[in-house]
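1. sequence below, structure please.
(chains A, B, C and D)
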Protein chains: 2
Amino acid sequence: MTKATADLLQGTLDMLILKTLSLGALHGYGIIQRIRQMSDEMLTVEQGSLYPALYRIEQRGWVSSDWDTNETGRRAKFYTLTKSGRRQLEVEEASWDRLVLAVTKMRRAT
Amino acid sequence: MTKATADLLQGTLDMLILKTLSLGALHGYGIIQRIRQMSDEMLTVEQGSLYPALYRIEQRGWVSSDWDTNETGRRAKFYTLTKSGRRQLEVEEASWDRLVLAVTKMRRAT
DNA sequence: TTAGAATGCCTACCCATTCTAGGCATGGCC
DNA sequence: GGCCATGCCTAGAATGGGTAGGCATTCTAA
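-> Numbering: from 1, shown residues only, chains lettered A, B, ... in the order given. Sure, this is the predicted structure:
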């Protein structure tokens, strides 16, 4: 049984959430869908991973949330990236790049 | 206090170990050094991460080990990549590539 | 010569994060 | 009415990397 999507590596989810929100405020369920489509269906985030992650991220001040109504008239909790969240996104992208670079070096080594 | 090296993402260590051993058998302490130098000092694996990882990896049949003597005459436990380990390395490199690709797509998305 | 650094292996415990597997409510559609 | 999609949430398991020790041997510098 081949999985359609790879498991995330631990530590990447925050970056993906912050990146998603950097394109505009969104509610949890929508974040999952947006990550799927932005990654061409390669990444799937489980609800059981997302909601605790959102909680953590909000505690750290990287997002703020408000209950609102979406375009179809349903209540949903919208998350907005804060200034500090935007900085955090840069930090996480930088260390992601750093790791990818390091692994690339390793892969090339002989 | 800035860290000289980033923490690894959970799930990358096995790949790094297997990759290192794909260049030739080596003992634990040497694996740590080789990972450091192959990554241009960007990656540091702690002993407390490495030895349990080697144990796991050996249990899974990806490496085999033998006590031997190194070039300086000291006893050390040398790990050798098995056939199955070589396949596993390919698998892990493929899913690493897949993840990097997916994240790259996400980063480019608007 | 002797202290300490480097080499070498190992373990117990901590900690963070993701996944599995549920639960619940509402709304749209057949 | 029944089912699926949308929407939020939680408890607990599993994973795996880090911290912080312990131990023995060899090399090196004061």
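
2. how close does the most centrally placed residue in chain A sit to B:Leu9?
-> Centroid-nearest residue in chain A, with CA atoms, centre = their mean: A:Ile17, separated by 1.8 Å. When CB to CB, to the nearest Å is applied, the distance between A:Ile17 and B:Leu9 equals 16 Å. (Glycine included, C-beta is placed from N, CA and C.)

3. again, but for A:Thr82
-> Counting by CB to CB, the gap from A:Thr82 to B:Leu9 is 25 Å.

4. same thing with A:Leu21?
-> 21 Å.

5. more crowded one of these two?
-> Ranked by neighbour count (other CB atoms under 10 Å in any protein chain shown), A:Leu21 and B:Leu9 place A:Leu21 first, with 24 against 18.

6. tell me the confidence at the residue in chain A that DNA strand C sits nearest to?
-> Of all residues in chain A, A:Gly48 sits closest to DNA strand C, at 1.9 Å by CB to the nearest atom of the strand. On pLDDT, A:Gly48 comes in at 97.

7. is it true that it lies in a helix?
-> Yes - A:Gly48 sits within a helix when classified using DSSP: H, G, I helix; E, B strand; the rest coil.

8. residue contacts, it?
-> By CB atoms under 8 Å, 6 or more residues apart in numbering or on different chains, the contact list for A:Gly48 is empty.

9. cool, the one 3 residues further on as well?
-> A:Tyr51 makes contact with A:Gly28 under the criterion CB under 8 Å, 6+ apart.

10. dump the C-alpha coordinates for the helix or strand harbouring it into CSV.
-> Here A:Tyr51, judged by DSSP states H and E, is contained in helix A:47-59. Extracted in CSV, the C-alpha atoms of helix A:47-59 (Å, rounded to 0.1, in the frame of the first residue of the first chain):
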residue,chain,number,x,y,z
GLN,A,47,-6.4,17.5,11.5
GLY,A,48,-4.9,15.8,14.6
SER,A,49,-1.6,17.4,13.7
LEU,A,50,-2.9,20.8,12.6
TYR,A,51,-5.2,21.9,15.4
PRO,A,52,-2.6,21.3,18.2
ALA,A,53,0.0,23.0,16.0
LEU,A,54,-2.2,26.0,15.5
TYR,A,55,-2.7,26.2,19.3
ARG,A,56,1.0,26.1,19.9
ILE,A,57,1.7,28.6,17.2
GLU,A,58,-0.9,31.0,18.6
GLN,A,59,0.5,30.6,22.1
